[in-house]
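>>> Mind looking at a prediction? Sequence and model below.
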Amino acid sequence: MKEQEYMKITGGIDERFVNEYPANSGRKVTSLKKRATIGIIVAAAMAIVIPAGVFAFTQLTHREKVSVYYTEEGVQKLEENMLANGYTVENGKIRLTVDVEMCDGNFIQGVYTLTALTDDAKEHINTMTTQTKLVYADTGECIYPVGGGSEGGFGPAMDDDEVSITFLYPVNNAYIDGSRTKRLVFFEYAETGESDGYGDIVVEDYTYYEGIYFDLMDEVNVPTKTLRSADGTEIVVSPYGVSQLDENWAYPENESLTEMSIDSFNVISADGEVIDILSLPSEGRVYGLSFHGEPGSGNFSYGFGIVLNVGGISSVEINGVTFTE
């Protein structure tokens with residue numbers, strides 16, 4: 001691809017903003033035949049047309065840790081486009097900060113940070129002990145199964161006294177009432193010392209997490225575009241990926257979920273130029289790419305591992321199936 005052609009679809013990006021994203025093995029459901037997965041952080045990220053200097057940028061509280069998932073350039077664009085969240089709650093032991101939260105209408109994704117405020121709390125903010133559950137905010141009723149929710153944390157974003165976690169949750173499906181506010185609640189499990197014959201009985205323990213929770217947003221706050229395949233299957237494309245969510249989707253009865261191998265994943269501009277997500281040249285690595293589900297299944301979300309100008313995207317091709325405007 002010629003340099004000027006490459007710049008058309010990325011919104012005018014030079015090689016300084018090209019970065020490679022390894023697959024997030026803790027979150028992906030599918031297997032990759034091509035392991036190299038590439039991304040671009042564009043200088044005009046999110047396709048939000050806001051002249052530079054018009055608004056004061058919002059500042060991410062944990063810029064360095066959030067950049068593990070979005071790169072330094074990506075963090076700049078999150079701030080420039082007013083996507084830093086900043087919601088904070090603490091109880092004297094642990095502080096929760098929602099650093100960034102984005103919604104494309106199908107899934108909510110972002111990064112939250114847990115900070116230990118006391119020495120003994122440091123042992124209670126790691127991914128081995130900290131638990132989360134999705135509930136309805138009005139009643140506290142637990143939502144289970146969630147049908148597509150996931151969270152993941154990686155070394156560079158994890159310190160002894162502070163950890164930043166990336167999350168992904170569906171807006172609605174057969175298990176989730178999209179009209180009700182969803183809340184992510186934090187807790188730990190504590191053993192009771194008793195057994196039920198199958199194993200030790202545990203209960204939810206809020207000693208360190210009393211009052212630590214946040215409500216998930218469900219309103220779209222990034223540019224989106226709907227694309228369709230020849231058979232009428234619709235997907236939503238956003239600056240950071242593509243997704244599909246059927247409000248009636250449920251796990252298949254008496255069937256196992258099939259795994260899908262990604263052989264090709266391309267983004268095409270209106271001029272017909274192609275960005276091959278799996279093989280772009282790159283420098284550097286972050287933990288940003290994720291794959292969940294399968295196109296056409298009614299429940300899937302593929303992160304580009306890049307941030308693109310939605311307005312410049314004409315179509316997306318996945319394993320030979322093209323989705324167009």
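Great, that's in hand. Numbers count the residues shown, from 1 in each chain.
>>> Could you use CA atoms for every contact and neighbour count after this?
OK.
>>> residues of stretch 105-119 that come out buried?
Across stretch 105-119, burial judged by 16 or more other C-alpha atoms under 10 Å covers 105-117.
>>> Now, the residues you listed that are in strands?
Assigned to strands by DSSP state E, the following of the buried residues of stretch 105-119 qualify: Phe107, Ile108, Gln109, Gly110, Val111, Tyr112, Thr113, Leu114, Thr115, Ala116.
>>> Go through the residues you listed and name the one nearest Lys225.
Phe107 (14.4 Å; C-alpha to C-alpha).
>>> In contact with the spatially most central residue of the chain: list those residues for me.
The residue lying closest to the centre of the chain (C-alpha atoms, centre = their mean) is Gln109, at 3.7 Å. Gln109 is in contact with Glu101, Met102, Cys103, Thr166, Phe167, Leu168, Tyr169, counting by C-alpha atoms under 8 Å, 6 or more residues apart in numbering.
>>> so what's the closest residue to it other than its chain neighbours up against?
Excluding its sequence neighbours, the residue lying closest to Gln109 (C-alpha to C-alpha, 6 or more residues apart in numbering) is Leu168, at 4.4 Å. Going by C-alpha under 8 Å, 6+ apart, Leu168 touches Phe107, Ile108, Gln109, Gly110, Gly148, Gly149, Ser150, Glu151.
>>> any idea whether Leu168 is helix, strand or coil?
strand (DSSP: H, G, I helix; E, B strand; the rest coil).
>>> Dihedrals phi and psi, the closest residue to Ser229 other than its chain neighbours?
Leaving aside its sequence neighbours, Ser229 sits nearest to Phe323 (C-alpha to C-alpha, 6+ apart; 4.3 Å). Dihedral pair for Phe323: phi -110, psi 120, per degrees, to the nearest 10.
>>> try Gly74
Dihedral pair for Gly74: phi -70, psi -40, per degrees, to the nearest 10.
>>> And for Asn172?
phi -160, psi 160.
>>> State the pLDDT value of the residue nearest to the centre of the chain.
pLDDT, Gln109: 92.
>>> who's it bridged to?
Applying DSSP bridges to Gln109 gives these bridge partners: Met102, Leu168.
>>> Please tell me how far it sits from Ala230.
Distance of Gln109 to Ala230, computed by C-alpha to C-alpha, to the nearest Å: 29 Å.
>>> now swap in Ser238 and tell me
Counting by C-alpha to C-alpha, the gap from Ser238 to Ala230 is 20 Å.
>>> Neighbour count: these two, which is higher?
Applying other C-alpha atoms under 10 Å to Ser238 and Ala230 shows that Ser238 carries more neighbours, namely 26 against 10.
>>> Chain neighbours aside, what residue packs nearest to that one?
Nearest non-adjacent residue to Ser238 (C-alpha to C-alpha, 6+ apart): Thr224, at 4.6 Å.
>>> close enough to count as contact, that neighbour and Pro239?
Yes - counting by C-alpha atoms under 8 Å, Pro239 is a contact partner of Thr224 at 7.4 Å.
>>> any shared contact partners between the two?
Counting by C-alpha under 8 Å, 6+ apart, the residues touching both Thr224 and Pro239 are Val310.
>>> Looking at the contacts of Leu168, spot the one nearest Asp263.
Relative to Asp263, and with distances defined as C-alpha to C-alpha, the nearest of the contacts of Leu168 is Gly148, at 22.3 Å.
>>> List the contacts of that closest one.
Leu168, Tyr169, Pro170, His292, Asn299, Phe300.
>>> Hmm, the fourth one is touching Ser301, no?
Meaning His292. Yes - under the criterion of C-alpha under 8 Å, His292 makes contact with Ser301 at 5.1 Å.
>>> out of these two, which sits in the more crowded spot?
Between His292 and Ser301, counting by other C-alpha under 10 Å, Ser301 is the more crowded of the two (26 against 21).
>>> where in the stretch 101-250 of the chain is pLDDT low?
Within the stretch 101-250 of the chain, no stretch has pLDDT under 70.
>>> 90 instead, please
Filtered on pLDDT under 90, the stretch 101-250 of the chain yields the residue ranges 126-129, 148-149, 152-156, 191-200, 218, 239-240.
>>> export the ones in strands among the buried residues of stretch 105-119 to CSV and tack on distance to Asp200?
Shown next, in CSV, are those (distance: C-alpha to C-alpha, whole Å):
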residue, distance to Asp200
Phe107, 35
Ile108, 34
Gln109, 34
Gly110, 34
Val111, 33
Tyr112, 31
Thr113, 30
Leu114, 28
Thr115, 30
Ala116, 28
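>>> contacts for stretch 236-252?
With C-alpha under 8 Å, 6+ apart, stretch 236-252 has contacts from 45-47, 104, 106-107, 147, 170, 172-175, 222-227, 234-235, 257, 295-296, 298-310.
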